[in-house]
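Visitor: Predicted model follows, preceded by the sequence.
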Amino acid sequence: VDETELQPTLLQYEDGYHYQNVLAPLVKMEADYDRQVKESLCEESISVRWEKSLAGKNIATFSFGGRHAAESSRIMVGDELRLKLGEGARYLHGKAWEGVGYVKDLIDGEVELEMRQTGGGSGAVP
């Protein structure tokens, strides 16, 4: 959605369709911006602590270093994050590793990420 295509917001709308047609592009634009900001976050050389939940799921706990503190990064509970093990993974395991999980909690600047179960593929915890 281009900013020139946006209609100005009003105090009163003709009907629900008019309201939706004015606000839906704004909501989409905000969602696209939030996604772009979150995708631009990349932190290298973090330390990850691995635990098992009571349900048997892998939990990765880590904190963002100085540049992207968890509080200022707009990360929220329920967001999807991707962890990647760098070139060291090729040395240790013979292949690259990455896993995807959902933010379970944010406690004292630490992010708790509940990893998706992948059936032992590249997402299996190293």
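Guide: Perfect, thanks for sending it. Numbers count the residues shown, from 1 in each chain.
Visitor: quick one: average pLDDT of the helix or strand hosting residue 31?
Guide: Assigned by DSSP states H and E, residue 31 belongs to helix 16-40. Mean pLDDT, helix 16-40: 90.
Visitor: After it, heading C-terminal, what element do we hit next?
Guide: Next along from helix 16-40, by DSSP H and E: strand 49-52.
Visitor: Low-confidence stretches in this protein?
Guide: 1, 65-73, 118-126 (pLDDT under 70).
Visitor: Direction included, what does the biggest strand by length in the chain pair up with?
Guide: If you go by DSSP state E, the chain has its longest strand at strand 97-107. Sheet pairing here is set by DSSP bridges, and for strand 97-107 it gives strand 80-85 (antiparallel), strand 110-115 (antiparallel).
Visitor: can you redo those strands as JSON lines with distance to residue 74 and mean neighbour count?
Guide: Yep, even glycine has a C-beta here, placed from its N, CA and C like the rest. Conversion of the strands paired with strand 97-107 to JSON lines gives the following (distance: least, C-beta to C-beta, whole Å; neighbours: other C-beta atoms under 10 Å):
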{"stretch": "strand 80-85", "distance to residue 74": "12", "mean neighbour count": "15"}
{"stretch": "strand 110-115", "distance to residue 74": "12", "mean neighbour count": "19"}
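Visitor: Go through those and name the closest to residue 36.
Guide: Closest to residue 36 of the strands paired with strand 97-107, according to C-beta to C-beta: strand 80-85, at 14.6 Å.
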